[in-house]
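Chemist: how would this look folded up:
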Amino acid sequence: MSNIPATQTEKNLEGAFAGESMAFMKYSYFAKLARAMGDEDTAAAFEETAKQEI
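Modeler: Numbering: from 1, shown residues only. The predicted model follows:
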């Protein structure tokens, strides 16, 4: 690759992607915990929220 500096747009997109990915992982983890505790409704809510992050 060339040594062209990243544009502000590219930096912003990278930051947004990282944030959305982290949110997806957190919501998925919370869904797993809720399901392990037997709370299917909460697990489903977290899974639906996680889907909005991808």
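
Chemist: after the longest helix along the chain comes which helix or strand?
Modeler: Assignment by DSSP state H gives helix 8-36 as the longest helix of the chain. The helix or strand immediately downstream of helix 8-36 is helix 40-51, counting by DSSP states H and E.

Chemist: what's that next one in contact with?
Modeler: Defining contact as CB atoms under 8 Å, 6 or more residues apart in numbering, one finds that helix 40-51 is touched by Ala23, Phe24, Tyr27, Ser28, Phe30, Ala31, Lys32, Ala34, Arg35. From N, CA and C alone the C-beta is placed, and that goes for glycine too.

Chemist: out of the residues you listed, which end up buried?
Modeler: Phe24, Tyr27, Ser28, Phe30, Ala31, Ala34 (16 or more other CB atoms under 10 Å).

Chemist: ok, how many other residues are close to the residue nearest to the fourth one when sequence neighbours are not counted?
Modeler: Yep, that's Phe30 we're talking about. Spatial nearest neighbour of Phe30, excluding adjacent residues (CB to CB, 6 or more residues apart in numbering): Phe46 at 4.6 Å. When neighbours are counted by other CB atoms under 10 Å, Phe46 registers 21.

Chemist: how near is Asn12 to Thr42?
Modeler: Look at Asn12 and Thr42: by CB to CB, to the nearest Å, they are 33 Å apart.

Chemist: the two: which has the busier surroundings?
Modeler: Comparing Asn12 with Thr42 by other CB under 10 Å, the one with more neighbours is Thr42, at 15 against 11.

Chemist: so which elements touch the lowest-mean-pLDDT helix or strand in the chain?
Modeler: Sorting the helices and strands of the chain by mean pLDDT, DSSP states H and E puts helix 8-36 at the bottom, at a mean of 96. Applying 3 or more CB pairs under 8 Å, 6 or more residues apart in numbering; DSSP states H and E, we find helix 8-36 packed against helix 40-51.

Chemist: grab the nearest non-local neighbour of the spatially most central residue of the chain.
Modeler: Central residue check for the chain by CA atoms, centre = their mean: the C-alpha nearest the mean position is that of Phe24, 2.2 Å away. Of all residues not flanking Phe24 in the chain, Glu53 sits nearest, at 4.0 Å (CB to CB, 6+ apart).
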